[in-house]
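This is a predicted model, with the sequence first.
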Amino acid sequence: DISSLHEELAEHFPLGAAIDARETSDPSAELLLRHFDGITAENHMKPEEIQPVEGTFTFDAADELVAFADDHDLRVYGHTLVWHSQTADWVFEDADGNPLTDSPEHQQLLLDRMQTHIEAVAERYGDRMWAWDVVNEAIDESQDDGLRRSEWYRILGPDYLAHAFHFARDAFGPDVQLYLNDYNTEFPAKREAMFQVVSDLLDAGVPLDGVGHQLHLNLVRPVAMVEDTLERFRELPVQQAVTELDVSISQTAEESLPTAPPERLVRQGYYFRDLFDVLRAYDDVLTQVTAWGLHDGRSWLRTWPVDRPHEAPLFFDDQLQSKPAYWGVVDPDQLP
Ligand code: G3I
């Protein structure tokens with residue numbers, strides 16, 4: 001029997017995996033419980049799933065995951081409260097289906113909707129989650145203020161972030177860590193834009209506890225970029241988490257192959273070795289590392305941005321077996 005990933009990492013940080021209801025039965029559940037400490041809902045806690053229609057809350061799928069976590073003593077990371085994507089259209093529309101404007105009335109309406117959603121989620125789950133992605137993917141490094149021109153921004157302006165974190169702190173209380181989460185934070189321009197936004201929020205007294213680095217990586221993205229980002233945010237009084245880790249083996253975005261080339265899986269093993277050397281060295285600031293999927297067969301990268309049957313970005317393969325990515329973390333001497 002191979003050793004447990006989360007036990008190998010236990011002295012450094014807990015290990016999570018993104019799942020949906022499919023992973024709550026065997027054999028996936030067995031793999032999950034053996035190798036991971038916690039879960040994130042890959043989709044079931046997103047705004048459009050929890051509130052598809054105004055005032056109609058559908059917690060069933062999320063409840064199923066939380067019940068599974070309760071049964072097995074798993075930590076749960078909440079994803080996500082305020083996002084521009086996977087949010088139902090009604091959120092940004094008036095009663096006639098027209099887009100909200102930035103008038104004071106519409107701003108108040110949207111803030112009320114934001115608060116109502118956050119309070120409903122907090123009432124349901126209280127402190128069952130140890131952390132939440134309060135705002136997801138708000139950064140756009142090409143903008144002067146570093147903020148994505150989303151519907152939230154268009155209607156409310158830059159203050160929507162502060163409102164979201166204050167609503168979340170009021171609703172969840174002090175024991176749930178509140179995160180700003182984003183992808184590509186390992187790139188220098190995005191890193192600096194995020195750094196500025198987070199410093200400004202902290203200076204303004206906004207209750208933000210942590211920065212989430214999604215880390216959707218690939219074989220040609222230097223691990224040193226990740227290290228530079230962890231080092232940079234260490235300057236701020238925030239926790240950090242790796243929230244959506246995967247390492248694509250595609251060389252270009254369009255590449256589609258019938259199966260994974262074995263040499264790339266080995267390269268990926270060394271990549272995971274190097275990456276986890278860095279992550280272990282930052283265990284004083286990292287609250288958790290989360291893989292974005294339990295095994296390769298369940299990765300979103302199989303279908304995005306094109307069908308890629310060869311894609312294999314995680315620790316375990318479609319047959320739930322360990323692969324070089326796993327050995328790179330647990331025992332790199334096993335790598336060829
Ligand atoms: O809702 C339908 C469902 O009814 C149907 O059975 C299914 C069959 O294909 O499609 C369903 O929706 C899909 C949904 O996943 C649930 O499976 C969507 O088409 C699909 O777009 C959606 O993709 C998710 C994606 O977020 C959407 O933005 C991925 O699973 C999920 O891994 C991905 O996760 C995001 C993080 O939330 C934020 N960071 C980036 C990350 C990767 O894109």
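Arrived safely.

Just the buried residues of stretch 68-87, please?
In terms of neighbour count (16 or more other Cβ atoms under 10 Å), stretch 68-87 has its buried residues at 68-69, 74-84, 87. (C-beta placed from N, C-alpha, C; glycine too.)

Tell me, how many residues neighbour the spatially closest residue to Ser256 that is not a sequence neighbour?
By the measure of Cβ to Cβ, 6 or more residues apart in numbering, the closest residue to Ser256 outside its immediate chain neighbours is Arg308, 5.0 Å from it. When neighbours are defined as other Cβ atoms under 10 Å, Arg308 has 22 of them.

same for the helix or strand hosting Ala193, what does it pack against?
Secondary-structure element containing Ala193, defined by DSSP states H and E: helix 188-203. Helices and strands touching helix 188-203, by 3 or more Cβ pairs under 8 Å, 6 or more residues apart in numbering; DSSP states H and E, are helix 160-172, strand 177-182, helix 223-233.

so does it get close to the ligand?
No: with Cβ under 6 Å from any ligand atom as the threshold, helix 188-203 lies outside contact range of the ligand, at a closest distance of 13.7 Å.

The closest residue to the ligand within the stretch 201-336 of the chain: what's it in contact with?
When Cβ to the nearest ligand atom is the measure, the stretch 201-336 of the chain has its nearest residue to the ligand at Trp300, with 3.5 Å between them. In this structure, Trp300 makes contact with 42, 292-293, judged by Cβ atoms under 8 Å, 6 or more residues apart in numbering.

Keep only those residues that also lie close to the ligand.
Glu42.

Just the ones of the contacts of Trp300 in strands?
When DSSP state E is applied, the contacts of Trp300 are split such that none fall in strands.

most neighbours, which of the contacts of Trp300?
Gly293 (25 neighbours).

That one touches Gly16, doesn't it?
No: no contact is recorded between Gly293 and Gly16 when judged using Cβ atoms under 8 Å, the distance being 11.1 Å.

before we move on, the earlier item: want to throw the buried residues of stretch 68-87 into a markdown table with pLDDT and secondary structure?
Compiled in a markdown table, the buried residues of stretch 68-87 are given as follows (pLDDT from 0 to 100; DSSP: H, G, I helix; E, B strand; the rest coil):
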| residue | pLDDT | secondary structure |
| --- | --- | --- |
| Phe68 | 98 | helix |
| Ala69 | 98 | helix |
| Leu74 | 98 | coil |
| Arg75 | 98 | strand |
| Val76 | 98 | strand |
| Tyr77 | 98 | strand |
| Gly78 | 98 | strand |
| His79 | 98 | strand |
| Thr80 | 98 | strand |
| Leu81 | 98 | strand |
| Val82 | 98 | strand |
| Trp83 | 98 | coil |
| His84 | 97 | coil |
| Thr87 | 97 | coil |
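
Make TSV from these and add distance to Ser199 to it.
Supplementary listing: the buried residues of stretch 68-87 in TSV, determined by distance: Cβ to Cβ, whole Å:
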residue	distance to Ser199
Phe68	38
Ala69	34
Leu74	33
Arg75	28
Val76	29
Tyr77	24
Gly78	24
His79	24
Thr80	22
Leu81	22
Val82	20
Trp83	22
His84	23
Thr87	27
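
now, which of these sits nearest Leu156?
Proximity of the buried residues of stretch 68-87 to Leu156 was ranked by Cβ to Cβ; the top entry is Val82 with 10.3 Å.

mind checking how far that closest one is from Ala162?
Applying Cβ to Cβ, to the nearest Å, one obtains 11 Å for the distance of Val82 from Ala162.

Repeat that for Tyr179.
From Tyr179 over to Ala162 the distance is 15 Å, taken as Cβ to Cβ.

The two - which one has more neighbours?
The neighbour count for Tyr179 versus Ala162, taken as other Cβ under 10 Å, is higher for Tyr179 (29 against 18).

How about the residues of the stretch 51-200 of the chain by the ligand?
If contacts are counted using Cβ under 6 Å from any ligand atom, the residues of the stretch 51-200 of the chain sitting beside the ligand are 85-86, 183.

Please, where are all the helices along the stretch 1-150 of the chain?
Shown for the stretch 1-150 of the chain, the helices assigned by DSSP state H, counting those that start in this stretch span residues 5-9, 28-35, 47-50, 60-72, 104-125.

Next, format those helices as JSON lines and append distance to Arg169.
As requested, the helices of the stretch 1-150 of the chain are arranged in JSON lines below (distance: least, Cβ to Cβ, whole Å):
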{"stretch": "helix 5-9", "distance to Arg169": "30"}
{"stretch": "helix 28-35", "distance to Arg169": "31"}
{"stretch": "helix 47-50", "distance to Arg169": "19"}
{"stretch": "helix 60-72", "distance to Arg169": "21"}
{"stretch": "helix 104-125", "distance to Arg169": "10"}
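
Verify the stated contact: Asn184 with Glu192.
No: counting by Cβ under 8 Å, Asn184 stays clear of Glu192, with 12.0 Å between them.
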